[in-house]
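Peer 1: fold the following, please.
(one chain, ligands or ions: 1)
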Amino acid sequence: MKIAIGSDHAGFQLKEKLKKYLIEKGFELKDFGTYSEDRADYPDFAHPVALSVTNKEVDFGLLMCGTGNGINMTANKHKGIRAALCWNSEVAALARRHNDANILTLPARCINEQEAKDCVDAFFSATFEGGRHIERVNKI
Ligand code: RB5
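Peer 2: Numbering: from 1, shown residues only. Predicted coordinates for the structure are as follows:
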């Protein structure tokens, strides 16, 4: 599975940890930055990750900023993007199963490393259930 990843400075440390974690699990990653803890603007990373998903260069996106809100709001401006801000494994799994989310967004300053890994595991192992959820997703 190929994943586009991005964060601002607030999410940088978590992004680096999750990159290592995902590569060890066999995922292929495309890192759109940021590449340091220098202050950066989250839209500069949300847009390229969202485009990478809508262009089908990757299967999914993974974004993080301090609260997750700014980078999630930006990604969701793109037609066809369903970015889900998640904070535990149940929310992350349901974002895939019910909402067919194609970007997982994490609030780097509000969850710990283990909680982030739990979200990643749940999101990337769950599949869309279809059925009654199809019409709802289509109405978005
Ligand atoms: C950066 O300080 C912070 O505002 C940003 O990471 C994010 O939380 C915005 O939504």
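
Peer 1: now name the helix or strand holding the closest residue in space to Ala126 that isn't next to it in sequence.
Peer 2: Distance criterion Cβ to Cβ, 6 or more residues apart in numbering; nearest residue to Ala126, sequence neighbours excluded, is Arg96 at 3.8 Å. Any C-beta I mention is one placed from the backbone N, CA and C, and that applies to glycine too. Assigned by DSSP states H and E, Arg96 belongs to helix 89-97.

Peer 1: neighbours of the residue nearest to Ala126, just the number please.
Peer 2: Applying other Cβ atoms under 10 Å, we find 23 other residues in the vicinity of Arg96.

Peer 1: that one: what's it in contact with?
Peer 2: With contact set as Cβ atoms under 8 Å, 6 or more residues apart in numbering, Arg96 has these partners: Ala122, Phe123, Ala126, Thr127, Phe128.

Peer 1: which one of these sits closest to the ligand?
Peer 2: Nearest to the ligand among the contacts of Arg96: Phe123, at 19.7 Å, using Cβ to the nearest ligand atom.

Peer 1: state the number of residues packed around that closest one.
Peer 2: Phe123 - counted by other Cβ under 10 Å - has 25 other residues nearby.

Peer 1: Asn69 now?
Peer 2: 13.

Peer 1: with Asn112 instead?
Peer 2: Per other Cβ under 10 Å, the neighbour tally for Asn112 reads 10.

Peer 1: with Val58 instead?
Peer 2: The number of residues packed around Val58, counting by other Cβ under 10 Å, is 19.

Peer 1: my hunch is that it is in a strand, does that hold up?
Peer 2: No - Val58 sits outside any strand when classified using DSSP: H, G, I helix; E, B strand; the rest coil, being coil.

Peer 1: I'd like the numbering to begin with 6 instead of 1 from here.
Peer 2: Sure, I'll start counting at 6 from here, so that last one is Val63.

Peer 1: and it, what is it in contact with?
Peer 2: Residues in contact with Val63 (Cβ under 8 Å, 6+ apart) are Lys7, Ile8, Ala9, Lys35, Ser57.

Peer 1: thank you kindly, that will do.
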